[in-house]
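Trainee: Here is a sequence with its predicted model. Questions after.
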Amino acid sequence: MWMWTLDAKLINLALVESIELIEVFPEGTEEERIDSGELEPEYLELVAVLPSGREAVLFDTDEPEVAHQAYESIAAFVARNGLIDGMPSTEPVSVTILLERVRNAKN
């Protein structure tokens, strides 16, 4: 199961340690303001953590609902062992492709 990263690299999802949804705040933001809930994140990133500890950004958005849909789409893709609509994926996918499939399935 190969997936495109935002910077057009391919990663093998079978080798990923974890996939995390990370809130990104403006650089220099005081930790106290984040912890207090005073600030909303600037955007959210869906990040694959590789065995080396490096991170690969798979997707980003400033819409929390879309970020959670993206996370759930990847989780379902991995749980189905790379099946999309019951068929094996024959080429690398991106989070955007997975989200389009989910939207099309709902319509």
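Mentor: Right, received. Where do you want to start?
Trainee: So the residue nearest in space to the middle of the chain: helix, strand or coil?
Mentor: Geometric centre of the chain, nearest residue: residue 46, 3.1 Å, by CA atoms, centre = their mean. Following DSSP: H, G, I helix; E, B strand; the rest coil, the label given to residue 46 is strand.
Trainee: And for residue 38?
Mentor: Classified using three-state DSSP, residue 38 is coil.
Trainee: Tell me how far it lies from residue 31.
Mentor: 11 Å (CB to CB, to the nearest Å). The way it works is simple: take the backbone N, C-alpha and C, and place the C-beta from them, glycine included.
Trainee: Residue 53 now?
Mentor: Residue 53 sits at a distance of 22 Å from residue 31 (criterion: CB to CB).
Trainee: Ok, residue 99 next?
Mentor: Shown here: residue 99 relative to residue 31, a distance of 32 Å by CB to CB.
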